[in-house]
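S.K.: Could you work out the structure for the sequence below:
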Amino acid sequence: MMHKKTRKKTGNASLASVNREMAKPRMARSAKIAELNLDTARIPEQPSVTMPGTVNKIIPSPRASQPEKAQIAVDGTDQRHRNLRFENTLTDEHGDDVRLKKGAHVEVTVTADPKT
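M.R.: Predicted coordinates for the structure are as follows:
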């Protein structure tokens, strides 16, 4: 006849982190968010995503007063939101003017406003 395994009795033993969490007063989620926003030592980071892309084509300007545009195909998105067009007047880290060329590999970073 097989014997059933006996379970160890844990009693009141629990993790220290659980005990610390239970010792804190209960607070609504909105109050926790408000408390984090009021903390001056904490610098909130804006939500953002960086995706790779490729310059598909350079669109010349119709008038001299308007800059040319670069169309960038972003990888990893659905077909509707894949192509983005930006003005092809960029500056590098030294402050020099640079332009994108067809076929160049780029990284597109989209940052959201945290208040919206």
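S.K.: Do you have the strands of the chain handy? List them.
M.R.: Using DSSP state E, the strands of the chain run over 48-59, 69-74, 83-87, 90-91, 97-98, 105-111.
S.K.: will you turn the ones you listed into CSV that also has distance to residue 40 and mean pLDDT?
M.R.: The C-beta positions use only the backbone N, C-alpha and C, and glycine is treated the same way. Shown next, in CSV, are the strands of the chain (distance: least, Cβ to Cβ, whole Å; pLDDT from 0 to 100):
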stretch, distance to residue 40, mean pLDDT
strand 48-59, 23, 90
strand 69-74, 37, 91
strand 83-87, 36, 87
strand 90-91, 33, 87
strand 97-98, 38, 88
strand 105-111, 22, 89
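S.K.: Report pLDDT for residue 47.
M.R.: Residue 47 carries a pLDDT value of 83.
S.K.: In this structure it contacts residue 111, no?
M.R.: Yes - under the criterion of Cβ atoms under 8 Å, residue 47 makes contact with residue 111 at 7.4 Å.
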